[in-house]
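Asks: build the 3D model from these lines:
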Amino acid sequence: MQVEADPIKAVYFYTSEKDKIKLNWFCYEYAFALYSKIMESTTLNCYRSKYGQEETVKFCVYFSKTMKRSIYERLSGITESTMFYEDYVEYYYPEMKETERLYILKAAMAAWDELTASCVMCPTRCISEMYERCVLFDQLDEDEFLA
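Replies: The predicted model follows:
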């Protein structure tokens, strides 16, 4: 299976200029982190064989956008920590066995921990300034245009 260099595209996270906000940038980075975890997980070999790269990309984009609910719950005090609901996976893959869903959630949590650990030092402040415009989208757009 040939793997594309950057399978997760930033453009998947905005449809207009008003969508180029820091929360959507965070979701983009999270989708990429989740994709990496799924692709390197030995417990998800069967998943990768069954669904392939393109479907994995679509799922990671879906899941990262769905995690906005968990972010809002955490920031508003509804939950004490960020929740990774099995329902997020079950909705997308209703036929999937529970064990496989749990492996995906484990990858999702590992990707989350890895990404948020790097957020501590990042000056972009995607979560605390989530509705602010993110110029990083524009920089990627320019790079893709010049390529």
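Asks: drop to CA atoms for contacts and neighbour counts, all remaining ones
Replies: Noted.
Asks: mind giving me the packing neighbours of the longest helix belonging to the chain?
Replies: Counting residues, the longest helix found in the chain (DSSP state H) is helix 45-75. Secondary-structure packing of helix 45-75 (3 or more Cα pairs under 8 Å, 6 or more residues apart in numbering; DSSP states H and E): helix 22-40, helix 86-92.
Asks: so what touches the shortest one?
Replies: This means helix 86-92. Outside of helix 86-92, the residues within contact range by Cα atoms under 8 Å, 6 or more residues apart in numbering are 59, 63, 66, 96, 101-102, 104-105.
Asks: how about 10 Å then?
Replies: By Cα atoms under 10 Å, 6 or more residues apart in numbering, the surrounding residues in contact with helix 86-92 are 59, 62-64, 66-67, 93-94, 96-98, 100-102, 104-105.
Asks: my guess is Leu75 contacts Thr82. True?
Replies: Yes. Using Cα atoms under 10 Å, Leu75 is in contact with Thr82, at 8.9 Å.
Asks: neighbour count winner among those two?
Replies: Per other Cα atoms under 10 Å, whichever of Leu75 and Thr82 has more neighbours is Thr82, with 17 against 14.
Asks: could you check how far the more buried one is from Tyr35?
Replies: Separation of Thr82 from Tyr35 (Cα to Cα, to the nearest Å): 19 Å.
Asks: center of this structure - which residue?
Replies: By Cα atoms, centre = their mean, the mean C-alpha position of the chain lies nearest to Ala31, the distance being 2.2 Å.
Asks: show the contacting residues for that residue.
Replies: Contacts of Ala31 by Cα under 10 Å, 6+ apart are 8-10, 13, 25, 37, 57-65, 108, 111-112.
Asks: apply 8 Å and report the result again.
Replies: Residues near Ala31 by Cα under 8 Å, 6+ apart: 8, 60-61, 63-64.
Asks: and for Arg101?
Replies: 86, 89-90.
Asks: for it, helix, strand, or coil?
Replies: Following DSSP: H, G, I helix; E, B strand; the rest coil, the label given to Arg101 is helix.
Asks: how near is it to Asp138?
Replies: Going from Arg101 to Asp138 by Cα to Cα gives 35 Å.
Asks: same deal with Lys9?
Replies: 13 Å.
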